[in-house]
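S.K.: Fold the following and give me the result.
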Amino acid sequence: MRKSTGMISTLVLGAALSLPVTAAQAAPAAPAAASVSAAAASCHGLITQAYSLNNKAISASRAGSYKTAAKRNHATEGKIVNALGACRHARHRSEIRRALDAARNDIQGAEHHNKKAYIEHDRRAGRAALNDEYDAQRRLRDAAHYS
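M.R.: You can find the predicted model right below:
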């Protein structure tokens with residue numbers, strides 16, 4: 001049977017637990033430049049995610065899967081909206097915003113054409129959607145260049 005009270009292990013555990021707290025308190029606050037670079041990384045990351053989703057929509061449109069392409073277009077538009085908010089303090093914000101707004105308009109048109117192609121079995125609308133997706137791809141590439 002053990003007779004010690006365990007004070008030594010309690011002291012060691014307490015010292016181990018207090019170390020990260022004191023280290024966090026001793027660390028200086030993050031500089032403003034770090035938060036700006038984090039925002040720029042977020043901006044660029046959202047643009048590349050939108051670009052990736054647009055590529056998936058292009059792939060679905062090429063395969064004639066218009067319903068899937070419309071869903072991908074809708075998701076791409078959501079990423080573009082998030083990127084517009086994240087890029088509002090970026091260095092080339094006017095160029096980025098112009099490219100993202102144009103890409104968003106193209107994506108909205110592509111979504112409309114994909115829905116029309118799916119409902120009405122209209123291949124011409126599907127081709128128009130694919131052209132809009134290619135235009136959006138080019139504009140998202142421009143936005144990624146500036147971000």
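S.K.: element containing the residue nearest to the spatial centre of the chain?
M.R.: The centre of the chain sits closest to residue 46, judged by CA atoms, centre = their mean, with a distance of 2.5 Å. If you go by DSSP states H and E, residue 46 is part of helix 32-62.
S.K.: Give me the buried stretch members for that helix, please.
M.R.: For helix 32-62, burial by neighbour count (16 or more other CB atoms under 10 Å) applies to 40, 42-51, 53-54, 56-58, 60-61. The way it works is simple: take the backbone N, C-alpha and C, and place the C-beta from them, glycine included.
S.K.: Then stretch 66-77?
M.R.: For stretch 66-77, by 16+ other CB under 10 Å, it's 66, 68-77.
S.K.: Alpha carbons only: can I get that stretch in CSV?
M.R.: Extracted in CSV, the C-alpha atoms of stretch 66-77 (Å, rounded to 0.1, in the frame of the first residue of the first chain):
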residue,chain,number,x,y,z
TYR,A,66,-25.8,20.3,-66.3
LYS,A,67,-27.4,19.8,-62.9
THR,A,68,-24.1,19.1,-61.2
ALA,A,69,-22.5,22.0,-63.1
ALA,A,70,-25.3,24.3,-61.8
LYS,A,71,-24.5,23.2,-58.2
ARG,A,72,-20.8,23.8,-58.7
ASN,A,73,-21.6,27.2,-60.1
HIS,A,74,-23.6,28.1,-57.1
ALA,A,75,-20.8,27.0,-54.8
THR,A,76,-18.3,29.0,-56.8
GLU,A,77,-20.4,32.1,-56.5
